[in-house]
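Trainee: let me see the structure of the following:
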Amino acid sequence: MSGMSKKQERAALQAHEMQLWRTWKSDPSDANMVALIESLDKVITRKVNEFKTAPVPPAAVRGVAQAMAMKAIQNYDPDKGAQLGSYVFTNLRKVHDFVGRYQNLGRIPIHRIRKITDYKDALRTLEDRYGRVPTNQELLTYLRANTDKPENWATVAEVDRMQQELARRDLIASFEEPDSQTENEGLREREVLRYIEEELEEDEKLVFQYTLGVGGMPKLPAGEIAKIMDISKPRVSRIRNRISEKLRNRGV
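Mentor: Alright, predicted model coming up:
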């Protein structure tokens with residue numbers, strides 16, 4: 001673009017982006033989406049660079065930004081007047097939300113760990129006693145009589161909430177067959193994410209978040225996760241297996 005003014009360069013870039021968008025629109029293949037995302041790299045990088053000093057892995061921020069850019073491209077309507085690059089950049093504003101959530105994810109508070117432990121102990125004890133899964137009312141009665149803080153278990157609704165937060169079987173099943181599972185509406189995403197955060201390495205955190213669509217990440221199949229993280233699909237599967245094993249060992 002030598003010899004062009006900045007205004008002309010910008011107009012040429014916008015025309016190139018629109019041509020790529022039209023190509024993708026007529027043939028929404030992965031290759032055409034990748035080409036379009038690459039053409040918008042300066043827009044994405046500008047947003048990612050806003051978080052240079054944040055204690056968040058740059059790869060995580062870029063992965064989220066790219067996923068949001070893909071979604072913006074899918075929703076883009078040129079008839080509404082916005083340039084594609086401007087529209088995508090505007091739709092990257094939720095990267096701020098992801099960074100904020102990521103920074104706030106820490107170890108689960110000690111009082112919460114104790115409450116989870118009390119619940120699981122009660123569940124095991126009553127299952128052994130009755131030879132069946134206890135009712136929530138039976139769990140409530142036991143917890144109020146056998147824990148140091150019966151006030152934590154004021155009503156049966158507390159037992160209901162604990163069961164939803166742990167969502168043990170649904171969580172593990174999501175990793176064993178992630179692409180065939182329906183979403184578990186009762187899963188308290190943020191609580192579960194906090195609960196396992198301390199157990200996961202950086203690559204495991206990203207795979208976990210993309211697999212379940214939590215922590216600000218879109219829910220993606222293994223192939224898309226591999227592309228975003230720039231790793232092979234078999235490696236994504238190995239990471240998922242590690243996560244599943246950690247969940248089992250933790251008793252989640």
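
Trainee: quick one, what contacts Pro78?
Mentor: Met18, Trp21, Leu84 (C-beta atoms under 8 Å, 6 or more residues apart in numbering). In this view, the C-beta of every residue, glycine as well, is placed from N, C-alpha and C.

Trainee: with adjacent residues omitted, what lies nearest to the last one?
Mentor: For Leu84, the nearest residue in space outside its immediate sequence neighbours is Glu17; the separation is 4.9 Å by C-beta to C-beta, 6 or more residues apart in numbering.

Trainee: for the second one, same thing?
Mentor: Of all residues beyond its chain neighbours, the one nearest Trp21 is Leu84 (5.7 Å), with distances taken as C-beta to C-beta, 6+ apart.

Trainee: contacting residues for the one you found?
Mentor: Gln14, Glu17, Met18, Trp21, Leu40, Ile73, Tyr76, Pro78.

Trainee: ok, now how distant is it from Arg46?
Mentor: 15 Å (C-beta to C-beta, to the nearest Å).

Trainee: can you check Glu204 too?
Mentor: Look at Glu204 and Arg46: by C-beta to C-beta, they are 29 Å apart.

Trainee: neighbour-wise, which of these two wins?
Mentor: Glu204 (16 against 13; other C-beta atoms under 10 Å).

Trainee: my read: the more buried one touches Ile243, true?
Mentor: Yes - counting by C-beta atoms under 8 Å, Ile243 is a contact partner of Glu204 at 5.4 Å.

Trainee: looking at the contacts of Leu84, which is nearest Tyr142?
Mentor: Ile73 (53.5 Å; C-beta to C-beta).

Trainee: and that closest one, which of the three is it?
Mentor: Using DSSP: H, G, I helix; E, B strand; the rest coil, the structure places Ile73 in helix.

Trainee: pLDDT at the closest residue to it other than its chain neighbours, what is it?
Mentor: Take Ile73 and drop its neighbours on the chain: the residue closest to it by C-beta to C-beta, 6+ apart is Leu36, 6.1 Å away. Leu36 carries a pLDDT value of 90.

Trainee: what's the answer for Met18, then?
Mentor: 92.

Trainee: what about Asp121, how many neighbours?
Mentor: 14.

Trainee: ah, wrong one, I meant Ser232
Mentor: Using other C-beta under 10 Å, Ser232 has 11 neighbouring residues.

Trainee: now the one helix or strand Lys205 maps to: buried residues?
Mentor: In this structure, Lys205 sits in helix 202-212 according to DSSP states H and E. Residues of helix 202-212 classed as buried by neighbour count (16 or more other C-beta atoms under 10 Å): Asp203, Glu204, Lys205, Leu206, Val207, Phe208, Gln209, Tyr210, Thr211, Leu212.

Trainee: show me how far it is from its chain's centre.
Mentor: Put simply, helix 202-212 sits 7 Å off its chain's centre (C-alpha atoms, centre = their mean, to the nearest Å).

Trainee: in PDB, could you pull the C-alpha coordinates for it?
Mentor: C-alpha atoms of helix 202-212 as PDB (Å, rounded to 0.1, in the frame of the first residue of the first chain):
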ATOM      1  CA  GLU A 202      -3.000 -23.000  32.800                       C
ATOM      2  CA  ASP A 203      -3.700 -25.200  29.700                       C
ATOM      3  CA  GLU A 204      -6.200 -27.300  31.700                       C
ATOM      4  CA  LYS A 205      -8.000 -24.200  32.800                       C
ATOM      5  CA  LEU A 206      -8.500 -23.000  29.200                       C
ATOM      6  CA  VAL A 207      -9.700 -26.500  28.000                       C
ATOM      7  CA  PHE A 208     -12.000 -26.800  31.000                       C
ATOM      8  CA  GLN A 209     -13.500 -23.400  30.300                       C
ATOM      9  CA  TYR A 210     -14.000 -23.900  26.600                       C
ATOM     10  CA  THR A 211     -15.400 -27.400  27.100                       C
ATOM     11  CA  LEU A 212     -18.100 -26.300  29.500                       C
END
